[in-house]
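Q: Just to be clear, the model below is a prediction. Sequence and coordinates:
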Amino acid sequence: MAYTPTKSEVDKAKEIAVASAEWFEYTTGKMNTSKIGQCGDYALRFVLEFNRFVGKNVARLVVANNPIESGTYRVGEKVNVKKLGFNGFASGASGFLIWDNQLYLYHPIIGAYQIFLVKAWTPKKHFGVDMLDKRQVHVWASVGKISVDPTYYDLWPDRFSTPLGKDE
């Protein structure tokens, strides 16, 4: 059964999403500080902060049209990927890492977190954007049925006045 956040948790989700949007400078290139990232990094920061706030692992990553299966993912523990023998992507960017049959979301400064597929799916629409269009490659977060997208909110504030929305 899906988690249903309280009103105060929804308010806190918005606060954390706005803070995540303000934290990052968006890039798909080399990331040499923890304040440079792309959509998966924005979403991961939100998930970690929200879960820390509620004291439960209830916020999820939502992945669409990426190199891994589209769906909802639970974020696990931070992993020292250097101990696994992985020394980062040649591009210096963040991304999904499949290593020894395990999935990770990796950032060269923030680190890597293991992720686990909870439900395979692709929403028809995310904040009104057609996600069935395979060119719409994106990662965001969710808390229960509430979609949380700090990246859209950061990059296109004229189109997305709030980081909270819904998926269809």
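A: It's in.
Q: Find the nearest non-adjacent residue to the most centrally placed residue in the chain, please.
A: Among the residues of the chain, the one closest to the centroid is Ala43, at 2.6 Å (Cα atoms, centre = their mean). Leaving aside its chain neighbours, Ala43 sits nearest to Ala141 (4.5 Å; criterion: Cβ to Cβ, 6 or more residues apart in numbering). Using the backbone N, CA and C atoms, a C-beta is placed for each residue, glycine as well.
Q: and the residue nearest to the centre of the chain, what does it touch?
A: Taking Cβ atoms under 8 Å, 6 or more residues apart in numbering, we find Ala43 in contact with Leu61, Val62, Val139, Trp140, Ala141, Val148, Asp149, Pro150, Thr151.
Q: buried stuff in the helix or strand hosting it?
A: Assigning secondary structure by DSSP states H and E places Ala43 in helix 39-54. By neighbour count on 16 or more other Cβ atoms under 10 Å, the buried set for helix 39-54 is 39-51, 54.
Q: Extract the CA atoms of that helix and return them as PDB.
A: Output of helix 39-54 as PDB, limited to C-alpha atoms (Å, rounded to 0.1, in the frame of the first residue of the first chain):
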ATOM      1  CA  CYS A  39      17.900  15.400 -12.400                       C
ATOM      2  CA  GLY A  40      18.800  12.100 -10.700                       C
ATOM      3  CA  ASP A  41      21.000  14.000  -8.200                       C
ATOM      4  CA  TYR A  42      18.200  16.500  -7.400                       C
ATOM      5  CA  ALA A  43      15.800  13.600  -6.900                       C
ATOM      6  CA  LEU A  44      18.300  11.700  -4.800                       C
ATOM      7  CA  ARG A  45      19.000  14.700  -2.500                       C
ATOM      8  CA  PHE A  46      15.200  15.100  -2.000                       C
ATOM      9  CA  VAL A  47      14.700  11.400  -1.200                       C
ATOM     10  CA  LEU A  48      17.500  11.300   1.300                       C
ATOM     11  CA  GLU A  49      16.400  14.500   3.100                       C
ATOM     12  CA  PHE A  50      12.700  13.700   3.200                       C
ATOM     13  CA  ASN A  51      13.300  10.200   4.500                       C
ATOM     14  CA  ARG A  52      15.600  11.600   7.100                       C
ATOM     15  CA  PHE A  53      12.900  14.100   8.100                       C
ATOM     16  CA  VAL A  54      10.100  11.400   8.500                       C
END
